[in-house]
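Participant: 3D model of this:
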Amino acid sequence: MTSQLTPYTGRDFPDPLTLIESGNLADSTKALYRGILLPIADRITDIQALTAYADNLSESRRRTLKSAVSLWVKECTKLLESQVTPETLAIVQATVMRLKALPKAIRVSTPKGKRAHTWLTEKQITKLYRACEDELMGLRDRVALGLMVTTGIRRQELVNLRWAHIVRQPYEGELCAVVSVVQGKGGKDRAIPLTVQMDKLLDEWAGWAGRKGYVIRSLGMAQDLSNPETPMSCAAIHNLVKKRGKLAGIPSLAPHDLRRTFAQAIWENTGDLLLVGALLGHSSIETTRQYLSLDVRKQREAVQVIKWGPGEP
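Facilitator: A predicted model of the protein is given here:
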């Protein structure tokens, strides 16, 4: 591909379509990114061409383009930084700055207002569980919902989850089930213990689906489980959550509400903000705080246990 950036070592940047194809992404996401990048792939470093192309897309497609370009920029930056030398430091820094300007040039609107956050109660979680009927699709949906609410896994991480990522690790003389989330958002891996109930539910699902390929897979119109390499898309997961939420009497339920519920449960049980952030895969505590309903009264009462000086006269 022709680069509009100054060469840093004489090597070209990775072709965006090739990079997407080789990335750790669900097939549905690869197809989405390939489709949006194809018309601009050979001019992706031309910021004017990229901006003009983006401005003619719908809002949702601009967001997809921004995500795809951001992924490409991240990989190019890693390549540049891995090869930097004292002699090329200045040009690498300048090139990285120009690369990082590309996704910023894709203008997307900021949603107005703030969506009311939802944290499910134990009763609502039970209703959501029971909203999934006892047949193939119902069991599949129950497993998907259960993984989101008991591990805090993101939609993209869920559709990428394979049976090989569910492992057993020794703990206090026993083997305990753990979900290994590989290359989550921000490129971070993390391990999340499974509850006993979730482990049993996965065993039940494995009796139908086997333990190969993707855990949460598309069944299609034929309700077919024969192909373990057919993951659901992120959009399908969103629709699944919305459908089951409506059946459970929880309208407008979204996947992130399940992740937020998981975070709140861990926070209330431990009071450990760092632990919550680690389980969610966050880099920033401030991001973690946004997931929680923090009781200001409890905070004020809690700090009163700290005495400094003579205390009461």
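Participant: mean confidence for stretch 123-136?
Facilitator: The average pLDDT within stretch 123-136 is 93.
Participant: which parts of that stretch are buried?
Facilitator: 124-125, 127-129, 131-132 (16 or more other CB atoms under 10 Å). Where C-beta positions appear, they are placed from N, C-alpha and C, glycine not excepted.
Participant: now do stretch 201-217
Facilitator: 201-202, 205, 209, 213-217.
Participant: and those residues, which is closest to Pro14?
Facilitator: Closest approach between the buried residues of stretch 201-217 and Pro14, by CB to CB: Tyr214, at 26.3 Å.
Participant: correct me, but that closest one touches Pro228?
Facilitator: Yes. The pair Tyr214 and Pro228 passes the contact test of CB atoms under 8 Å, sitting 6.3 Å apart.
Participant: follow-up on the earlier one: just give me the closest of the buried residues of stretch 123-136 to Leu145.
Facilitator: Relative to Leu145, and with distances defined as CB to CB, the nearest of those is Leu128, at 6.0 Å.
Participant: so which strand or helix has the closest one?
Facilitator: helix 122-130 (DSSP states H and E).
Participant: list the helices and strands whichever helix or strand comes after that helix packs on?
Facilitator: The helix or strand immediately downstream of helix 122-130 is helix 136-151, counting by DSSP H and E. For helix 136-151, the elements it packs on are helix 122-130, helix 155-160, strand 174-181, helix 196-209, helix 234-247, helix 255-270, judged by 3 or more CB pairs under 8 Å, 6 or more residues apart in numbering; DSSP states H and E.
Participant: which residues are in contact with helix 136-151?
Facilitator: 120, 125, 128-129, 132, 153, 155, 158, 161, 179, 181, 192, 194-195, 197-198, 201-202, 204-205, 208-209, 215-217, 219, 223, 225, 232, 237, 240-241, 243-244, 255, 258-259, 261-262, 279 (CB atoms under 8 Å, 6 or more residues apart in numbering).
Participant: buried residues, that helix. List them.
Facilitator: Using 16+ other CB under 10 Å as the test for burial, helix 136-151 gives 139-151.
Participant: convert the C-alpha atoms of it to CSV, please.
Facilitator: Written as CSV, here are the backbone C-alpha positions of helix 136-151 (Å, rounded to 0.1, in the frame of the first residue of the first chain):
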residue,chain,number,x,y,z
LEU,A,136,-31.6,-25.5,23.0
MET,A,137,-31.8,-21.7,22.4
GLY,A,138,-33.0,-21.1,26.0
LEU,A,139,-30.0,-23.0,27.4
ARG,A,140,-27.6,-21.1,25.1
ASP,A,141,-29.0,-17.8,26.1
ARG,A,142,-29.0,-18.7,29.8
VAL,A,143,-25.3,-19.5,29.5
ALA,A,144,-24.6,-16.2,27.7
LEU,A,145,-26.5,-14.2,30.3
GLY,A,146,-24.9,-16.1,33.1
LEU,A,147,-21.3,-15.5,31.9
MET,A,148,-22.0,-11.8,31.5
VAL,A,149,-23.5,-11.3,35.0
THR,A,150,-21.2,-13.7,36.9
THR,A,151,-17.9,-12.7,35.2
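Participant: and the gap between Thr85 and Leu136?
Facilitator: 57 Å (CB to CB, to the nearest Å).
Participant: show me the protein divided up by domain.
Facilitator: 16-104, 122-297 (automatic domain parsing).
Participant: packing partners of the longest helix along the chain?
Facilitator: Among the segments of the chain that qualify as a helix by DSSP state H, the longest is helix 59-82. Judged by 3+ CB pairs under 8 Å, 6+ apart, helix 59-82 is in contact with helix 16-22, helix 27-37, helix 47-55, helix 89-104.
Participant: need those helices in a markdown table with distance to Ser283, can you?
Facilitator: Shown next, in a markdown table, are these (distance: least, CB to CB, whole Å):
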| stretch | distance to Ser283 |
| --- | --- |
| helix 16-22 | 23 |
| helix 27-37 | 22 |
| helix 47-55 | 27 |
| helix 89-104 | 17 |
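Participant: and of the ones you listed, who's closest to Thr64?
Facilitator: helix 27-37 (5.0 Å).
Participant: now for that closest one, which elements pack on it?
Facilitator: helix 16-22, helix 59-82, helix 155-160, helix 234-247.
Participant: how many other residues sit next to Leu247?
Facilitator: Leu247 sits with 15 neighbouring residues when counted by other CB atoms under 10 Å.
Participant: find me the pLDDT at it, would you?
Facilitator: So Leu247 comes in at 96 (pLDDT).
Participant: wait, doesn't it sit right on Ala131?
Facilitator: Yes. The pair Leu247 and Ala131 qualifies as a contact (CB under 8 Å) at a distance of 3.9 Å.
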